[in-house]
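Visitor: what follows is a predicted structure for the sequence shown.
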Amino acid sequence: MPRPREQQISLADTPYYHIVSRCVRRTFLCGTDRQTGRSYEHRRQWIEQRIRLLSSIFTLDLCAYAVMSNHYHLVLKLCPEQSENWSDDDVLDRWTCLFKGPLLVQRYQAGENLEDAELRFVKRAAEVYRRRLTDLSWFMKCLNESIAREANREDGCTGHFWESRFKSQALLTEQALLSCMAYVDLNPVRAAMAETPEQSQYTSIKERITPGFNLAEAIQAQTEQQFLRQFPLPLKPLVAFEGTARNGPQHGILFTLQDYLELVDVTGRILNPDKRGRIPETLPPVLKRLELDLDEWLTEASEFEARYQDNRRAHLDRRRPAA
């Protein structure tokens, strides 16, 4: 019998988890349906954008992702301690990106004067939302439910869109984390959807190989599709590769980005009899294929967070009404 999610997730053992969610009856989530010829490729962008935006709202850091034709993979790091520095107003701002909230919360955010009893209700609501924003199941609910509603609306139908609840797998060691990330990033190659990782679309490795990846347009697209009510927050970058252990808190992965790319490249060349594709042996190594100045590229890649902040400010400036 399947175990409840709260029994499968233990932060005392590991903060890292591999998540998989599949469409009902393995039907097409994205790509092109061979029988009807209809293209669902645009839905892959929906999911990629939604993942990145939700990871910025919740206390979850994104290590790797891949959006395939009828399923997607995530490698997440759970970081509930991030919520300890949030004020009640911060919590309410994050939650109301996703939901309207009770009338009293709406009145409080509008700056109305509330009675003491009403303020106590708002404070209790903020504590409930704070717990939910650290919860993996709530993250997946906000991700899958919105995609299912939008897809069913587009298809003009009702009913289940996802096969079942998401599947989670604990990653207990650094080796398990790295091998799982490589497995996720190589999914399009193994499925013969791309010849190399850098040619794949809607994957974390594609984003890592493209420094300065701009998600400002993603925010606008999500807002127009009403996936989010608003988004006043800076976007989180992917979890960084820190290379070596630090004296202070360890937020990133104990591996260098260069070594990880080489690991993915070597792994992708190994023939897997259960999969259709692999990286051709005749291709040069990944760093030579990219034809980039290594020092310059590593500098740009290490500035993800600053670039995301700049993109967010530019987006807010465009939204600000003219004086």
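Guide: Now that the structure is in, tell me what you want to look at. Here the structure is a predicted model, which means the values were calculated and not measured.

Visitor: and the residue most central in space within the chain, what element?
Guide: When CA atoms, centre = their mean is applied to the chain, the residue found nearest the centroid is residue 51 (3.4 Å). Assigned by DSSP states H and E, residue 51 belongs to helix 42-57.

Visitor: chain center to that helix: distance?
Guide: Helix 42-57 has its C-alpha centroid displaced from the chain centroid by 6 Å (CA atoms, centre = their mean, to the nearest Å).

Visitor: list the buried ones in it?
Guide: Buried residues in helix 42-57, counting neighbours by 16 or more other CB atoms under 10 Å, are found at 43-57. Every C-beta, even on glycine, is put in place using the N, C-alpha and C of the backbone.

Visitor: state the mean pLDDT of it.
Guide: For helix 42-57, mean pLDDT rounds to 88.

Visitor: next secondary structure element downstream of that helix?
Guide: strand 60-67.

Visitor: tell me the helices and strands packed up against the next helix or strand after that following strand.
Guide: Following strand 60-67 in sequence order, the next helix or strand is strand 71-78 (DSSP H and E). Taking 3 or more CB pairs under 8 Å, 6 or more residues apart in numbering; DSSP states H and E as contact, the helices and strands that strand 71-78 lies on are strand 16-22, helix 42-57, strand 60-67, helix 174-185.

Visitor: strand 71-78 pairs with which strands, and in what direction?
Guide: strand 16-22 (antiparallel), strand 60-67 (antiparallel) (DSSP bridges).

Visitor: make CSV from the ones you listed and add mean pLDDT and distance to residue 117 to it.
Guide: Shown next, in CSV, are these (pLDDT from 0 to 100; distance: least, CB to CB, whole Å):
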stretch, mean pLDDT, distance to residue 117
strand 16-22, 94, 40
strand 60-67, 95, 34
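
Visitor: what's the most buried one of those strands?
Guide: Each of these was scored by mean neighbour count; the highest is strand 60-67, a mean of 24, by mean count of other CB atoms under 10 Å.

Visitor: just the pLDDT for residue 297.
Guide: The model's pLDDT for residue 297 equals 52.

Visitor: ok, residue 178 next?
Guide: pLDDT, residue 178: 92.

Visitor: repeat for residue 313
Guide: 53.

Visitor: what does the one 10 residues further on give?
Guide: Confidence at residue 323, expressed as pLDDT, is 41.

Visitor: do the same with residue 267
Guide: For residue 267, the predicted pLDDT is 88.

Visitor: kindly report the same for residue 29.
Guide: Listed pLDDT for residue 29 reads 74.

Visitor: that one contacts residue 71, correct?
Guide: Yes. The criterion here is CB atoms under 8 Å, and residue 29 meets it with residue 71 at 6.9 Å.

Visitor: which one's more surrounded, the two?
Guide: Each of residue 29 and residue 71 has its neighbours counted (other CB atoms under 10 Å); residue 29 has more, 24 against 18.

Visitor: so where do the helices sit in the stretch 51-200 of the chain?
Guide: For the stretch 51-200 of the chain, helices defined by DSSP state H, counting those that start in this stretch occupy the ranges 88-95, 103-109, 116-132, 136-155, 174-185, 187-190.

Visitor: tell me the most buried of those?
Guide: Stretch with highest mean neighbour count among the helices of the stretch 51-200 of the chain: helix 187-190 (a mean of 23; mean count of other CB under 10 Å).
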